[in-house]
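Visitor: After the sequence you'll find the predicted model.
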Amino acid sequence: MRGILGLLINKQGEIKLELLFARNLNKIYPGKVTYKALTNIDLTIQKGEFVGIMGPSGSGKTTLLNMVSTIDKPTSGELRIAGQDPYELPREKLAYFRRRELGFVFQSFNLLDTLTVSENIMLPLTLDGTNIAQMKLRAASIMENLGISELTDKRTYEISGGQAQRTAIARALIHNPKLLLADEPTGNLDSKSARDVMELMSKLNREDNTTMMLVTHDAMAASYCHRVIFIKDGQFYSEVNCGDNRAAFYQKIINVLALLGGTENEFPTVRV
Ligand SMILES: Nc1ncnc2c1ncn2[C@@H]1O[C@H](COP(=O)(O)OP(=O)(O)OP(=O)(O)O)[C@@H](O)[C@H]1O
């Protein structure tokens, strides 16, 4: 039974909060030749879940992420984040909703070179007008939690890729977003740093119950999720669940990727 605010009561009588609820999402890109990038996508993510999205190049992953991140409106379908349809909000409120409720982590880190690590992390709070002492406290606390306290005064060009991604994750989480959206967060990292970043995301998900959606080509990264949804040609293809054996989950992901096809270099599946 589904109520308001995304509350769902399952057959066992447990109350679950649907952080993300998407039904029948369709996206048609207009143009001389229109292109249907997503067809009837259903996706539900419950509070505290860590969900991966995979699929070959051009399958619609970024399009889906853009819909969920409220950057681009679906052509049709229903979307709610924590019970709110973001596209019902007027423009200014939508920008505020995106800033308050969502956190973003990108492949290219998107840090500002002119700022120190801690200034980068505090950036979302400066936009909200939080006072400086409070911002510094919050930044120090999250940096300690993410193991990057020693980077406080460093500039972004003085830190490694793995440290830059940790900084970006700290920045994404400093305002306690309801949903963290990560787009290929390991795409620019060597395999050791990639593992470290995924370990960190997994820890944040477990310990802080942070809800996460991860778009990736990387089976190793995806194997840190609770479940992975595969899309192909803009449509749902299949879903695999982690269960309690991550090695077996990794193998299941590899198997689906093999069935999905794609170019040889598309899925870097060699990280075991
Ligand atoms: N603005 C746009 N206008 C027209 N077509 C687009 C637009 N953006 C994406 N597409 C098309 O929609 C399809 C899905 O693109 P999308 O970027 O979502 O795929 P993807 O799975 O993220 O791919 P990749 O893994 O290569 O990043 C592709 O065929 C792409 O060419």
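Guide: Happy to help now that I have it. Numbering: from 1, shown residues only.

Visitor: Can you name the next helix or strand after the longest strand anywhere in the chain?
Guide: For the chain, the longest strand by residue count, based on DSSP state E, is strand 15-29. Later in the chain than strand 15-29, the nearest helix or strand by DSSP states H and E is strand 35-46.

Visitor: Am I right that R80 sits in a helix?
Guide: No - using DSSP: H, G, I helix; E, B strand; the rest coil, the secondary structure at R80 is strand, not a helix.

Visitor: so what pLDDT did the residue lying closest to it once chain neighbours are set aside get?
Guide: Among residues not flanking R80 along the chain, F21 sits closest, at 4.5 Å (Cβ to Cβ, 6 or more residues apart in numbering). No exception for glycine: its C-beta is placed from N, CA and C like everyone else's. In this model, F21 is scored at 97, pLDDT.

Visitor: F21 reaches E78, doesn't it?
Guide: Yes - between F21 and E78 there is a contact under Cβ atoms under 8 Å: 7.3 Å.

Visitor: Neighbour count: these two, which is higher?
Guide: Per other Cβ atoms under 10 Å, whichever of F21 and E78 has more neighbours is F21, with 20 against 13.

Visitor: Near the ligand, which residues of this structure are found?
Guide: For the chain, the contact set with the ligand under Cβ under 6 Å from any ligand atom comprises Y29, G31, Y35, A37, G55, S57, G58, S59, G60, K61, T62, T63.

Visitor: So for L89, what's the nearest residue that isn't a sequence neighbour?
Guide: In space, L89 is closest to F97, 5.8 Å off (Cβ to Cβ, 6+ apart).

Visitor: again, but for L112
Guide: L112 sits nearest to N120 (Cβ to Cβ, 6+ apart), 5.9 Å away.

Visitor: For my notes, confirm V105 occurs in a helix.
Guide: No - under three-state DSSP, V105 sits outside any helix and is assigned strand.

Visitor: next one: phi and psi at the closest residue to it other than its chain neighbours?
Guide: In space, V105 comes closest to A182 once its chain neighbours are excluded; the distance is 4.2 Å by Cβ to Cβ, 6+ apart. A182 adopts backbone torsions of phi -120, psi 120, taken as degrees, to the nearest 10.

Visitor: Okay, and the beta partners of A182?
Guide: For A182, the residues forming beta bridges with it (DSSP bridges) are V105, L214.

Visitor: which residues does it contact?
Guide: Going by Cβ atoms under 8 Å, 6 or more residues apart in numbering, A182 touches F104, V105, F106, M201, M212, M213, L214, V215, T216.

Visitor: let's see 10 Å
Guide: 50, 52, 65, 103-107, 165, 168-169, 172, 197-198, 201, 212-216, 221 (Cβ atoms under 10 Å, 6 or more residues apart in numbering).

Visitor: Report how many residues lie close to D196.
Guide: Around D196 there are 18 residues (other Cβ under 10 Å).

Visitor: Run through the helices of the chain in chain order.
Guide: For the chain, the helices defined by DSSP state H cover 61-68, 91-101, 117-127, 132-145, 161-173, 191-208, 219-222, 246-260.

Visitor: Kindly point out the strands partnered with the longest strand of the chain and how each is oriented relative to it.
Guide: strand 7-9 (antiparallel), strand 35-46 (antiparallel), strand 76-81 (antiparallel).

Visitor: Let me have these in JSON lines, extended by mean pLDDT.
Guide: JSON lines is the format used below for those (pLDDT from 0 to 100):
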{"stretch": "strand 7-9", "mean pLDDT": "60"}
{"stretch": "strand 35-46", "mean pLDDT": "97"}
{"stretch": "strand 76-81", "mean pLDDT": "97"}
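
Visitor: can I get those in TSV with distance to I229?
Guide: Putting the strands paired with strand 15-29 into TSV (distance: least, Cβ to Cβ, whole Å) gives the following:
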stretch	distance to I229
strand 7-9	18
strand 35-46	7
strand 76-81	16
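
Visitor: Let me know the pLDDT of the residue nearest to L89.
Guide: For F97, pLDDT reads 94.

Visitor: May I have the residues that are in contact with it?
Guide: T70, I81, A82, Q84, P86, L89.

Visitor: between these, which is nearest the ligand?
Guide: T70 (15.7 Å; Cβ to the nearest ligand atom).

Visitor: ok, the closest one - how many residues close by?
Guide: 19.
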